[in-house]
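> what's the 3D shape of this:
(2 chains)
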Amino acid sequence: MANVAKKVSWSGRDRDEDDYDEDGRAGETTPLLNGTGPGAAAGSRQLTPSSFLRIGQLSNVDLNEDVHELETELPRQRPNEIPHNEKLLSLKYESLDYDNSENQLFLEEERRINHTAFRTVEIKRWVICAMIGILTGLVACFIDIVVENLAGLKYRVVKGNIDKFTEKGGLSFSLLLWATLNASVVMVGSVIVAFIEPVAAGSGIPQIKCYLNGVKIPHVVRLKTLVIKVCGVILSVVGGLAVGKEGPMIHSGAVIAAGISQGRSTSLKRDFKIFEYFRRDTEKRDFVSAGAAAGVSAAFGAPVGGVLFSLEEGASFWNQFLTWRIFFASMISTFTLNSVLSVYHGNAWDLSSPGLINFGRFDNEKMGYTIQEIPIFIFMGVVGGILGALFNALNYWLTMFRIRYIHRPCLQVVEAMLVAAVTATVGFVMIYCSRDCQPIQGSTVAYPLQLFCADGEYNSMATAFFNTPEKSVVNLFHDAPGSYNPMTLGMFTLMYFFLACWTYGLTVSAGVFIPSLLIGAAWGRLFGISLSYLTKGPIWADPGKYALMGAAAQLGGIVRMTLSLTVIMMEATGNVTYGFPIMLVLMTAKIVGDYFVEGLYDMHIQLQSVPFLHWEAPVTSHSLTAREVMSAPVTCLRRIERVGTVVDILSDTSSNHNGFPVVESNPGTTQVAGLRGLILRSQLIVLLKHKVFVERANLSLVQRRLKLKDFRDAYPRFPPIQSIHVSQDERECMIDLSEFMNPSPYTVPQEASLPRVFKLFRALGLRHLVVVNNRNEVVGMVTRKDLARYRLGKEGLEELSLAQT
Amino acid sequence: MAPLRWLVLLPALALALGPAAAEGSRRLPALEALGEAEELAEELWGAGLPGDLPELEPECRQLLADFAEGSAALTGCLGRNARPVRLCQACHRHYRQLLVQYGNIARAVGNSSESHNCAKSILTSDRLQIIVTLSDFFNETWEAANCANCLKNNSEGLSNSTVEFLDLFNKSLTCFEHNLQGQTIHLSPNNYTEVCKNCNETYKMLNDLYNNLQKMNRQGGESGHSAHLCIDVEDAMNITRKLWSRTFNCSVPCSDTVPVIAVSSFILFLPIVFYLSSFLHSKQKKRILILPKRIQSNASLVNIQEKYS
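As a prediction, this is how the structure comes out:
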């Protein structure tokens, strides 16, 4: 604890955004969503009975027995340390304050700002959305161009080497060169992620999903994360891993949105003094959803798909104006990408590359489908669902193993390097063993490898392995029938399936969209080819069409997105008539997949012990009441409270509460008093820092009245309580909370059922929900973790345990 | 649209090529066939039809005949040079001439009446518009063959690089022939070592030149050209390569399977070692359970399957 005070400062560079997590180490050293927690050092800390801090009025008389019972049950020997499993909720995560605190200051500000000023606020929102779109598009361009050049360089070098050694012998050197190149590039990418910003690992979609759900994930929308994410993506794609650069675009867009909307960067310590109105969770969250949409839109050239993605992931706080603004941001983003890339490719004003990946055009006659083919597509959906479930199940075990055993950053880097080397080796061996040669004439292969083929021919396996995954996907969609023989495709699918499964969850920033599409496209094409063999007729089935459906099925089977994915695929192919079969395929894949395991992103959210609230409370939970769900006893504050008490409560490490019910102050009496309001930790800290004490006001100092701006300036990284110095004299002062608290917090009666509480909580995006009895006295408090604990498991309702991670 | 045009054109081609194949003379037989058809039409008109029928101007008729002659010549040339492909070398004059003829029609204005000019009556006055279709077909074929790529910029004659390439190509073919002549005809199919040894240099040069041409073309390709070389060059190279590596079996790459297997199995072995060692030596991550502050009640236990009791 001692080092905390000197480490943290007001600007809180080294801290999480208000992650006042009791020990200061938790901040930087905690890789999020990726396993390693803050070590077992904090292990000895127990729940110390800190009842001396609590004031008497909380305890409703008839509760006493229960409380007693709770404490007698404490020693019941439960295992205190358990291996990580999926049925845990981490204490590391907190909620966002989506609910507005309507205190006196807020009302004052609203009175002061007149109507026109609100109109400028609205205009500013649009400006921000435009900027989000432009910057997201530019970042996407940057990633695309750098990847294209670096990967081109790598493949040219390796190709030159292979060509040279094919004649003279010594191909093992080429293999070594390829593996070493991959491993070293991936090493750099993995080191920056593992050691600098672990939250940048993976595709970032689970993290953004959590954020939009209302979970505050430390570091997730910081500039540093963006930089690491962008570099990491470039390096892992260039490193030849089985990954794509599309998923991370969503995260990048979200970070850009969060950064711009705040008008400052705490990482750079720059405050541009603009957009100060938007410095609270409510506004920031809206912009983040716009950023995520812009990211999707830039990644796939799918603006509508982007909007629907945000809608699908964060629809609980949504309104029409927001939709329109988000759509605007998405359109701007894809347009920016499109125009910049067209200029880069030398045909300005052509606007032919709306997304990072283009599926190419699917509009010639052969690509059309007939009604008879729809059952076939549905069957492909079933296959996709099964394969997706298999992928997820394998990845689940792997991730569990990684969380338990591979939690040290150096091990993570080594693992990533090994995967890169093995990916190259597998690719090389496959190419080496393949005898599938295709004439080079008229083909559009970027890096044709001849190897053992006759002159003027290229190795067909090499088009799939010896290329960036995006290009391979497009090749599989569009290469003429007969470009691949079935054996090649079968081997490729098999190998790539395991490689992609192995790769997802490494400590590199990379997405799973493209590998899934690639696996699906490969087996889909194989399926199409075998179909035309079976029917013995001329090729009535263009394999490209089946490749597309296979890709959709596989992706749907893995990520289980529905509406947004359908629209994304539709927009990426640029063919509206494909909407129907793609929808059917995705539906089937989801139904079949859900029968076995859940989607990859949900699975990872669960494995990271995030208190994620789903759409609905578990169906069989109506018999649970708020009284059983809530946490009790609650630490309350009096309306006029002694400063010392406040400081003690805030610095108590065992109860890092964030919201405190404020009750009527009846000094001198121990009588229970009614609920008057709710005050947040962040507000208390700002109050303490500015020393807003009753005595000082009475001294009639010329003191500036605290404004809402003071609270906003501290957002989002409120200083920890340890950094605020309160002298012994000041401890005896009194602090009047009535002006700052939210006078009308949401409450529920004790008898409310869990689904009822859940609905209120989820729909309003609450962080604290006070449970009162019929005399309006505080009985308990429901927070996100209390609700997220209940889950419908295999055998009925389950309860997750809280854990320190 | 393209396949449709092809379809339309097939009869025309057959008409043009048919007599050519039958007669096999050095004159332009297609022209003759066309002339016959023309006479027939005139006869028809002369016989029973009223005289005020809109007759084609003589000048226009001449232009049309020129075009017909030119297209027949070009078609014949294309057909004769289909295999081995010599389209661009052999037919570029015909093609250029046809372009001129078509240009004449498109520009020509008849002098009798202001409303009827040749371009209009020949090119756009009926549904079929056969002249336009023909001209489009030739243009498309020319584009597809990428002939512009081997011709000089003003399309007069072959470009220098193409000439150089074709020279080298002929040289290597002669080399193949020479070396094969020395041997007996009934040769075991794999015994072409002589050819391989002697012609290696020429073949290499040819291959390199081709690769160079391709590279240059690709660099220039940014500015509008397509990425392919012209069909003559591509085909010539293709034939040579096939002869070289399929028929003569000259390019036998060294396959060093043993080292490759060794290296790859070493690399594939590493992850196993890694995972095993981290499983055995790394301390398993433990989570510390935190007991929730809650009011325990019996009702909730009924609903919840307690795992840890």
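
> Number of residues surrounding A:Ser289?
By the criterion of other C-beta atoms under 10 Å in any protein chain shown, A:Ser289 has 31 neighbours. C-beta coordinates here come from the backbone N, C-alpha and C atoms, glycine included.

> any idea how far chain B is from it?
31 Å (C-beta to the nearest C-beta, to the nearest Å).

> ok, now A:Lys785?
Distance of A:Lys785 to chain B, given as C-beta to the nearest C-beta: 8 Å.

> Contact partners for that residue?
Shown in contact with A:Lys785 (C-beta atoms under 8 Å, 6 or more residues apart in numbering or on different chains): A:Leu89, A:Leu91, A:Pro611, A:Leu802.

> Domain boundaries for the chain, per the record?
No chain was given, so I picked chain A. Per automatic domain parsing, the structural domains of chain A span A:2-73+A:623-803, A:115-344, A:376-409+A:469-607.

> right idea, wrong chain: chain B
If you go by automatic domain parsing, chain B breaks into B:2-44+B:55-145, B:160-247.

> which one of those domains has the lowest average pLDDT?
When the domains of chain B are ranked by mean pLDDT, domain B:2-44+B:55-145 comes last with a mean of 71.

> about what we covered before: and the contacts of A:Lys785 near chain B, which?
A:Leu91, A:Leu802 (C-beta under 8 Å from any C-beta of the partner chain).

> Which parts of the stretch 201-350 of chain A are helices?
A:205-213, A:223-238, A:247-262, A:281-300, A:303-314, A:320-344 (DSSP state H, counting those that start in this stretch).

> is it true that A:Ile591 touches A:Gly385?
Yes. With contact defined as C-beta atoms under 8 Å, A:Ile591 reaches A:Gly385; the gap is 6.9 Å.

> which of these two has more neighbours?
Taking neighbours as other C-beta under 10 Å, A:Ile591 and A:Gly385 compare with A:Gly385 leading, 28 against 14.

> Could I get the contacting residues of the closest residue to that one other than its chain neighbours?
For A:Gly385, ignoring the flanking residues on the chain, the nearest one in space by C-beta to C-beta, 6 or more residues apart in numbering or on different chains is A:Val592 at 2.8 Å. Each residue near A:Val592 by C-beta under 8 Å, 6+ apart is listed here: A:Gly381, A:Val382, A:Gly384, A:Gly385, A:Ile386, A:Ala389, A:Gly557.

> Please enumerate the helices of the stretch 551-700 of chain A.
Remark: helices assigned in the stretch 551-700 of chain A by DSSP H, counting those that start in this stretch are A:563-573, A:579-596, A:600-607, A:626-629, A:643-651, A:681-690, A:694-698.

> scratch that, the stretch 1-150 of chain B
Under DSSP H, counting those that start in this stretch, the stretch 1-150 of chain B gives helices at B:2-23, B:29-48, B:58-80, B:87-107, B:118, B:130-145.

> what do you get for the stretch 401-550 of chain A?
A:409-433, A:460-465, A:469-478, A:486-503, A:513-534, A:543-559.

> Just say which of these is most tucked in.
Among the helices of the stretch 401-550 of chain A, helix A:543-559 has the highest mean neighbour count (mean count of other C-beta atoms under 10 Å in any protein chain shown), at a mean of 30.

> so for it, what's the average pLDDT?
Regarding helix A:543-559, the rounded mean pLDDT is 92.

> Counting by contacts, list what that helix packs against.
Based on contacts counted as 3 or more C-beta pairs under 8 Å, 6 or more residues apart in numbering or on different chains; DSSP states H and E, the elements that helix A:543-559 packs against are helix A:374-405, helix A:469-478, helix A:513-534, helix A:563-573, helix A:579-596, helix A:600-607.

> will you turn those helices into JSON lines that also has mean pLDDT and distance to B:Thr240?
Formatted as JSON lines, the helices and strands packed on helix A:543-559 follow (pLDDT from 0 to 100; distance: least, C-beta to C-beta, whole Å):
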{"stretch": "helix A:374-405", "mean pLDDT": "94", "distance to B:Thr240": "44"}
{"stretch": "helix A:469-478", "mean pLDDT": "87", "distance to B:Thr240": "28"}
{"stretch": "helix A:513-534", "mean pLDDT": "90", "distance to B:Thr240": "32"}
{"stretch": "helix A:563-573", "mean pLDDT": "90", "distance to B:Thr240": "41"}
{"stretch": "helix A:579-596", "mean pLDDT": "94", "distance to B:Thr240": "46"}
{"stretch": "helix A:600-607", "mean pLDDT": "91", "distance to B:Thr240": "52"}
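
> circling back to that earlier point, so which of the helices of the stretch 401-550 of chain A gets nearest B:Asp136?
helix A:469-478 (26.1 Å; C-beta to C-beta).

> Now A:Tyr546: closest residue in space that isn't a chain neighbour?
Nearest non-adjacent residue to A:Tyr546 (C-beta to C-beta, 6+ apart): A:Gly528, at 3.1 Å.

> Would you check that that neighbour makes contact with A:Leu548?
No. Look at A:Gly528 against A:Leu548 with C-beta under 8 Å: they stay out of range, at 9.7 Å.

> show me the biggest helix of the chain in terms of residues.
As the question left the chain open, I've gone with chain A. Counting residues, the longest helix in chain A under DSSP state H turns out to be helix A:115-168.

> look at chain B instead
helix B:193-220.

> got the buried residues for that one?
Neighbour-count burial for helix B:193-220, with 16 or more other C-beta atoms under 10 Å in any protein chain shown as criterion, is recorded at B:Val195, B:Cys196, B:Cys199, B:Thr202, B:Tyr203, B:Leu206, B:Asn207, B:Leu209, B:Tyr210, B:Leu213, B:Gln214, B:Asn217.

> ok, now stretch B:136-143?
B:Phe137, B:Phe138, B:Thr141, B:Trp142.

> For the stretch 1-150 of chain B, which residues are neighbours of chain A?
So the stretch 1-150 of chain B never meets chain A (C-beta under 8 Å from any C-beta).

> Could you measure from the most centrally placed residue in chain A over to A:Ser289?
Chain A has A:Gln207 as the residue nearest its centroid, 1.6 Å off, counting by C-alpha atoms, centre = their mean. Counting by C-beta to C-beta, to the nearest Å, the separation of A:Gln207 from A:Ser289 is 14 Å.

> what's near enough to touch the closest residue to A:Ala553 other than its chain neighbours?
Among residues not flanking A:Ala553 along the chain, A:Gly384 sits closest, at 2.4 Å (C-beta to C-beta, 6+ apart). Neighbouring residues of A:Gly384 by C-beta under 8 Å, 6+ apart: A:520, A:550, A:552-557, A:585, A:588-589, A:592-593.

> quick one: is stretch A:345-354 near chain B?
Yes. Counting by C-beta under 8 Å from any C-beta, contacts between stretch A:345-354 and chain B involve A:Gly346.

> end-to-end on that stretch?
Using C-alpha to C-alpha, to the nearest Å, one end of stretch A:345-354 lies 13 Å from the other.

> Name the residues that touch it?
In contact with stretch A:345-354 (C-beta under 8 Å, 6+ apart) are residues A:Gly301, A:Thr334, A:Phe335, A:Leu337, A:Asn338, A:Ser339, A:Leu341, A:Ser342, B:Glu222, B:Ser223.

> mind putting those in CSV, distance to A:Ile440 included?
As requested, the contacts of stretch A:345-354 are arranged in CSV below (distance: C-beta to C-beta, whole Å):
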residue, distance to A:Ile440
A:Gly301, 30
A:Thr334, 35
A:Phe335, 37
A:Leu337, 32
A:Asn338, 31
A:Ser339, 34
A:Leu341, 28
A:Ser342, 29
B:Glu222, 21
B:Ser223, 23
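
> List just the nearest of the contacts of A:Val592 to A:Arg125.
Among these, and counting by C-beta to C-beta, the member closest to A:Arg125 is A:Gly557, at 37.9 Å.

> Correct me if wrong: the closest one contacts A:Met380.
No. If you go by C-beta under 8 Å, A:Gly557 and A:Met380 don't touch, sitting 10.3 Å apart.

> chain center to stretch A:226-236, what's the gap?
Centroid separation for stretch A:226-236 versus its chain: 16 Å, with C-alpha atoms, centre = their mean, to the nearest Å.
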